Structure formats: C-alpha cells, structure tokens
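> pasting a predicted model and its sequence here:
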Amino acid sequence: MTGPTTPTTDPGAPMTELRSPLHDEHVALGASLTEFAGWQMPLRYTSDLAEHTAVRNAAGLFDLSHMGEIEVTGPDAGAFLDRALVGNLTALRVLGARYTMIVQPDGGVIDDLVVYRTGDDTYLVVANASNHEVVLAELQERAAATGLGLTVTDRSAATALVAVQGPRALAVVEALDLLTADPAGPADVTPATLKYYACLPMRFDGAPVLVARTGYTGEDGFEFFLDADGAPALWRALLAAGAEHGLVPAGLSARDSLRLEAGMPLYGNELDRTTTPYDAGLGRIVRLDKVDADGVPLPFVGRDALDARAHSAPARVLVGLQGLSRRAARHGYDVLASTQQDAPVVGTVTSGAPSPTLGYPVAMAYVTPEVGAEGAELAVDVRGRREPVRVVPLPFYRRPR
C-alpha cells in the first residue's frame, strides 16, 4: 500500500477516483478524504492521534474496500499458487490464511499478499490497492502458462472489506446481533475461538460474510469480506455495537502509524521491485523446500534468484531506528554513520514518524550490514540537521498477550 497523500479540502467534492461502497458513510462522519492508489478514501475522521490511540486502547473501524480480492479456484488452484507465489499454499489448511509474496523472476517483490484458503479448491488472494491490477495480470498470465485446471477471477469490484482492530475488537464483534453462524462453516468455531490468521464463513443479516482474524495494526482484530451492497449496513452496525467499547472510525493515517509501530512493511516503502523478501528480513516466508508430487524441487517464479540470495551476504539490511531527539525521520531521508559532519551515508529511511504509543520517533531503514547491529548509534539527516538514532529490534511495539 502506498502512503496516504494530502486530503482534499472538501470531503464532498467530486473526484475521478474510485469510491468505496462506504463513501457516503465517510462523508456523513465528516472524514477528510484523500486520493489513495486511485481511490477516494478517508485519511482521518477526527485526529490522527485520537484514532491511533483508540486502536491501541480500545478499537478502531477501518474501510479497506480499496484492496484487491482475486479468487483462484479449481482442482489445481493450490498447485498453481505454489508455482506463482513464494509460499507453500497447498500446505495451507482450509479456512487458514498465509502472508506471502509474488515476485519477479529476479526475486524483486511485485506485491505482498494475504492468501485465504476458503475451500478445498478455492483461495482468496488479497492484494494491495496500488498493485491490484498488476497482481491480477500476473496471476492470469502465470495461470495460462501452466496448463493447470484453475480459474483466476477478479472479485474486487463486488467485494467490500471492513476491519475492526484493537484489544476490544472481539467484544465489538460479539455484540453484533445480526452476525450468525453459517451452516456451511465449522460448528465448533466462533469469533472468540478463531485462531490468528484463520477465517470463518458467517452470515450478517442473512448474507454471507467471511470473517478473518487478521489485520495490519499489531493488535487483535477481525476483517470482514462481504458483498459491496451490504457494507453500509455492516459499517453502521459495527459502529453501534462498538460504541460502548470505545470503537471509533479510523482512517489511513492512523493505519500507517499503527503498522509502523508494529514493524509491518509497506509496499512502496520497505518493499518494491528492487527488494527481495530476504532484504526485508522476510526470508522465512520463502519456501525453497517446496517439491512437486515426485519430490522434485518446485520451480516457482523467482526460485533460482531467491535461492542465490538466501545463500549470499546481504548488501543491505532492514533495521528499526529509535529517534534520540524529538525530530522524526521520514521516508527518503539519509541515514548517516554518526552525527559527525563528515559521516558517510550508510542507508535510507523507508518509513518514519513520531510514535504516539512509545512517545519518541521511530523509523525503518535499509542500512549497510556493518552498521546494522542492535544498539549501533547512527544519525539521520532531518532537513539538514543530523539527528541521533539508535538501531533497535523490530517491531517497535508488541501488543500485550
């Protein structure tokens, strides 16, 4: 997901961007709207700090309907995804979810994805809004080249995605009177017993909704995939159910500061086509041990390049930086070896901002390996001033268990 841009001055102004099925809800709530990956989306409703703090302490309600939903179905759907993505999707249990990536032949990341296995032969691939069309085209092209039995279908326009995130998320979901079990779902699983990175078919007001225990904030939470026409009713029901639990609507700005504290990568910042999963410290999601039915190593797209990268010394590493002054590092700022005037540039900030939760600035940056050890004292050029920073482990924030 690309970082949010400046909001429009008039929330009701006509724009050429795509509109969420919840657009009218956002306007009614007084949201500041912004262009985001070709969509008109809420940047904030009240203040960035209030929305961020609500998610950390209670719950926030997010509209994620700009995300791309691509369904892959057929008897060979899993085998195809094993060849198209870096993960092992045939090993994913039904109603499980997995974070993975689609890469170029040279290992560069086209997009990071979450894949849900919604049936024996059905997978839902969720792509970032900025990469939706690219991922769809790549999957369709790769499917055509395999000759396997499967279908790739874009469900994005017909699908809405709403998320409740925060320590009170479960209480909010359990207060939804119209949310009921789906007869086709497992009888022994409820939102309360649903495991992290798993999903559950349910019904909201009689219509199908896929409830997933996933998110992008570092908190517990649930994401609801449903027909776009039903999204406004669910949105309003969640706001009503969450009122006594401190739930507030939250925009893209809070989502970005929350994911930064949680050390989660943002496409276009920590990830892009010049970056491999190993560069981003995510080599664990690459399954070089995938094999076909005959036990032969599976030739998935990017395998050779990623194998070579896995066994070579890194040219750069992704690190966390704790600001030791009040001024925050931002995307694109130079990282320096020290605060000395002649200190060389040793890296670049990918994301940075003041941390509302921690009370000091934080940033992620790619730096050369020799300065990437925990505790290393570096500096960031913040508009001509060399501000001190310290290398710290990622994530910056972990929710209490």
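Looks like it arrived, so ask away.

> from now on I want contacts and neighbour counts done on CA atoms only, so please keep to that.
OK.

> SS state for A254?
Look at A254: counting by DSSP: H, G, I helix; E, B strand; the rest coil, its state is helix.

> which ones are touching it?
By C-alpha atoms under 8 Å, 6 or more residues apart in numbering, the contact set of A254 is R44, D48, L49, E51, H52.

> distance of R168 relative to A233?
21 Å (C-alpha to C-alpha, to the nearest Å).

> pLDDT value on G384, please?
At G384, the predicted lDDT confidence score is 95.

> also V291?
pLDDT for V291: 88.

> circling back to that earlier point, so which of R168 and A233 has more stuff around it?
Using other C-alpha atoms under 10 Å, the more surrounded residue of R168 and A233 is R168, with 23 against 13.

> give the contact list for the more buried one.
R168 makes contact with N57, A58, A59, H245, L247, according to C-alpha under 8 Å, 6+ apart.

> so what's D229 closest to, chain neighbours aside?
Spatially, and ignoring its direct neighbours in sequence, D229 is nearest to P21 (7.1 Å; C-alpha to C-alpha, 6 or more residues apart in numbering).

> from A181, how far off is that neighbour?
25 Å.

> quick one: contacts for the closest residue to P354 other than its chain neighbours?
Excluding its sequence neighbours, the residue lying closest to P354 (C-alpha to C-alpha, 6+ apart) is P361, at 3.9 Å. Counting by C-alpha under 8 Å, 6+ apart, P361 touches Q322, G323, L324, S325, R326, R327, A328, A329, G352, A353, P354, S355.

> ok, now with 7 Å
Taking C-alpha atoms under 7 Å, 6 or more residues apart in numbering, we find P361 in contact with Q322, G323, R326, R327, A328, A353, P354, S355.

> test for you: state the pLDDT assigned to it.
Looking at P361, the pLDDT reads 98.

> got phi/psi on it?
phi -70, psi 150 (degrees, to the nearest 10).

> and if you look at the one 5 residues further on?
In this entry, Y366 is assigned phi and psi values of phi -90, psi 130 (degrees, to the nearest 10).

> would you agree it is in contact with S351?
No: shown here, Y366 and S351 do not form a contact pair, counting by C-alpha atoms under 7 Å, at 10.1 Å.

> quick check on those two: which one has the bigger neighbour count.
Between Y366 and S351, counting by other C-alpha under 10 Å, S351 is the more crowded of the two (25 against 22).

> that one belongs to a strand?
Yes: under three-state DSSP, S351 sits within a strand.

> ok so, going back, find the residues that touch each one of Y366 and S351.
Common neighbours of Y366 and S351 (C-alpha under 7 Å, 6+ apart) do not exist.

> so who does L124 touch?
E69, I70, E71, V72, V115, Y116, R117, T118.

> out of these, which is nearest to T90?
Among the contacts of L124, R117 lies closest to T90 (C-alpha to C-alpha), at 9.1 Å.

> confidence score at that closest one?
pLDDT for R117: 98.

> tell me the buried residues in the helix or strand hosting it?
Using DSSP states H and E, R117 sits within strand 109-119. By neighbour count with 16 or more other C-alpha atoms under 10 Å, strand 109-119 contains the buried residues V109, I110, D111, D112, L113, V114, V115, Y116, R117, T118.

> ok, back up a step: the residue nearest to D229 contacts G230, correct?
No: if you go by C-alpha under 7 Å, P21 and G230 don't touch, sitting 8.8 Å apart.

> so between the two, which is more surrounded?
Neighbours were counted for P21 and for G230 using other C-alpha under 10 Å; P21 has more, 22 against 18.

> where's the nearest residue to Q340 once chain neighbours are set aside, which helix or strand?
Counting by C-alpha to C-alpha, 6+ apart, R386 is the residue found nearest to Q340 once chain neighbours are left out, at 8.0 Å. Secondary structure assigned from DSSP H and E places R386 in strand 385-392.

> in the stretch 1-150 of the chain, where is pLDDT below threshold?
Along the stretch 1-150 of the chain, segments meeting pLDDT under 70 span 1-16.

> let's go with 50 and repeat that
For the stretch 1-150 of the chain, applying pLDDT under 50 flags the ranges 1-15.

> tell me where it has helices.
Using DSSP state H, counting those that start in this stretch, the helices found in the stretch 1-150 of the chain span residues 23-28, 48-57, 77-84, 132-146.

> can you tell me which of those helices is most buried?
A comparison of the helices of the stretch 1-150 of the chain by mean neighbour count, using mean count of other C-alpha atoms under 10 Å, puts helix 77-84 on top with a mean of 23.

> centre of the chain to it, how far?
With C-alpha atoms, centre = their mean, to the nearest Å as the basis, helix 77-84 stands 22 Å off its chain's centre.

> let's have the chain start at 18 instead
In the new numbering, first residue 18, that becomes helix 94-101.

> show me the contact partners of it.
So helix 94-101 is in contact with N105, L106, T107, I119, D138, T139, R159, A160, L167, P316, F317, V318, going by C-alpha under 7 Å, 6+ apart.

> for it, list the C-alpha coordinates in CSV.
What follows is helix 94-101, C-alpha atoms only, in CSV (Å, rounded to 0.1, in the frame of the first residue of the first chain):
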residue,chain,number,x,y,z
ALA,A,94,-5.6,-24.0,-7.6
GLY,A,95,-3.2,-24.8,-4.8
ALA,A,96,-0.6,-26.3,-7.1
PHE,A,97,-0.7,-23.2,-9.3
LEU,A,98,-0.3,-20.8,-6.3
ASP,A,99,2.7,-22.9,-5.2
ARG,A,100,4.3,-22.1,-8.6
ALA,A,101,3.2,-18.5,-8.8
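
> next, the angle from that helix to helix 149-163.
Here helix 94-101 runs at an angle of 100 degrees relative to helix 149-163 (axes from the mean of the first three to the mean of the last three C-alpha atoms, to 10 degrees).

> just to revisit the earlier point, for V388, see how far away the residue nearest to Q357 is.
Using C-alpha to C-alpha, we find R403 at a distance of 16 Å from V388.

> next: V397.
In terms of C-alpha to C-alpha, V397 sits 13 Å off from V388.

> more crowded one of these two?
A direct count of neighbours by other C-alpha under 10 Å for V397 and V388 places V397 higher, at 29 against 19.
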